[in-house]
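Novice: predicted model and sequence below, questions to follow.
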Amino acid sequence: MLNLDFVRAQFPAFADPALDGWGFFENAGGSYPCRQVVDRLTRFYTHRKVQPYAPYPVSRLGGAEMDEARERLAAMMGVGPDEVHFGPSTSANTYVLAQAFRGWLKPGAAIVVTDQDHEANSGVWRRLAEAGVEVREWRLDPATGHLDPARLADLLADGRVRLVAFPHCSNVVAEINDVAAICAQVRAAGAVTCVDGVSYAPHGLPDIPALGADIYLFSAYKTYGPHQGIMVVRRALAEALPNQGHFFNAGTVTKRLTPAGPDHAQIAACAGIADYIDALAAEHGVAGDARARNAGVHALMRAAEASVAAPLLAWAAARNDLRLIGPADPHRRAPTVALDLGRAAEPVAAALAAHRVMAGGGHFYAVRPLTAMGVDPGRGVLRLSFVHYTTPGEVDRLIAALDAVL
């Protein structure tokens, strides 16, 4: 069982008097950073803020800290260090990827996108139609939000699809898609996969070999780190895609798909994510190599989240004045709970603030899935999102506040 006292002691926000008594339910927009990340970021900006990889000592230290972040996160995800790419955001990373695929796809090729995705893993791929690529849509079930793999099979049947972009879980539907099975299905059809893990990775860093994804995207600022986008790209694919960086950097695989130099300090600080996972592993007796420690912590996080989410999901499912988006089973979804209230959601989020609840209302860049499910993006949904550091008491207070407001 997750030791919540230990967990919360790792986050400076929970010791901040200004935040005392507030329930934070906006984690899908960005989690609190852990102390290890804050310490590393402060150290880099204070003591290492020079151009890295030069021959003088402080520069070597800065470069070593950047390398450490790449190497340790790669080990936890089961990939090589040169398969981990840092960029300014997931949206920017996906945009660059799409430009690379624009030059890589042959005439007559097709790609598949979903209407369950955040726009970052949808819009950039759809624009490839401008280059003559056929764009096919894998559509969700409008009643449940579910993505049925049988519908994907029909889209793959003619053998022309070269890329399938889909989410590990949607930032409003939150149902956890069977990524391993989908990736195997796509691979058998001769295509590659681009998995948007932004809404899943906060609940446990992915084991990439187990998932079988060719590309996996997530955001460090939602996994307790700094504001960076992280993408894992299978080495052979990264080398095959047209270089998007400076021509003289084409031989360095980690520079091919990130043309702008990301913030050096933030890359170094991402090692703090690995520090945090290792601290949780040590506290809870999780042993093994980096990949095994990550898997064990992942399981602890998911178990804690499912337990804490259950009362809120049961409360929402029992009401007849709102619609719970996605499944009510906490084991089938991430703890990102979107509620269609049948009216504008932002005023309700504002009313919750009076009860010391931090929540959001809007479409959350999920205009396509909300529209597909018959929800007016203009009024949006009330989104209540949390992670493993959320306590049962905070959820109880949230439910009481919702009863008072609704």
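Specialist: Ah, there it is.

Novice: show me where the stretch 301-406 of the chain has its strands.
Specialist: In the stretch 301-406 of the chain, the strands defined using DSSP state E, counting those that start in this stretch lie at 323-324, 336-340, 357-358, 360-362, 381-385.

Novice: how far off centre is the first one?
Specialist: When you say that, I think you mean strand 323-324. Taking the mean of its C-alpha atoms, strand 323-324 sits 23 Å from the chain's own mean (C-alpha atoms, centre = their mean, to the nearest Å).

Novice: for that strand, which strands pair with it and how are they oriented?
Specialist: If you go by DSSP bridges, strand 323-324 pairs up with strand 336-340 (antiparallel).

Novice: and if you look at the fourth one?
Specialist: According to DSSP bridges, the neighbouring strands of strand 360-362, each with its direction, are strand 381-385 (antiparallel).

Novice: put the alpha carbons of the strand it pairs with into PDB.
Specialist: What follows is strand 381-385, C-alpha atoms only, in PDB (Å, rounded to 0.1, in the frame of the first residue of the first chain):
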ATOM      1  CA  VAL A 381     -17.100  19.600 -19.000                       C
ATOM      2  CA  LEU A 382     -16.200  19.900 -15.400                       C
ATOM      3  CA  ARG A 383     -12.900  18.000 -15.100                       C
ATOM      4  CA  LEU A 384     -11.700  16.700 -11.700                       C
ATOM      5  CA  SER A 385      -8.300  15.100 -12.100                       C
END
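
Novice: circling back: got the strands of the stretch 301-406 of the chain as CSV, with mean neighbour count and mean pLDDT columns?
Specialist: C-beta here means a position set from N, CA and C on the backbone, and glycine is covered the same way. Listed next are these as CSV, based on neighbours: other C-beta atoms under 10 Å; pLDDT from 0 to 100:
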stretch, mean neighbour count, mean pLDDT
strand 323-324, 19, 98
strand 336-340, 26, 98
strand 357-358, 20, 98
strand 360-362, 20, 97
strand 381-385, 27, 98
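
Novice: are we agreed that residue 185 is in a helix?
Specialist: Yes. The assignment for residue 185 by DSSP: H, G, I helix; E, B strand; the rest coil puts it in a helix.

Novice: distance to residue 167 for the strands of the stretch 301-406 of the chain - can I get that in JSON lines?
Specialist: Below are the strands of the stretch 301-406 of the chain laid out as JSON lines (distance: least, C-beta to C-beta, whole Å):
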{"stretch": "strand 323-324", "distance to residue 167": "19"}
{"stretch": "strand 336-340", "distance to residue 167": "12"}
{"stretch": "strand 357-358", "distance to residue 167": "24"}
{"stretch": "strand 360-362", "distance to residue 167": "18"}
{"stretch": "strand 381-385", "distance to residue 167": "15"}
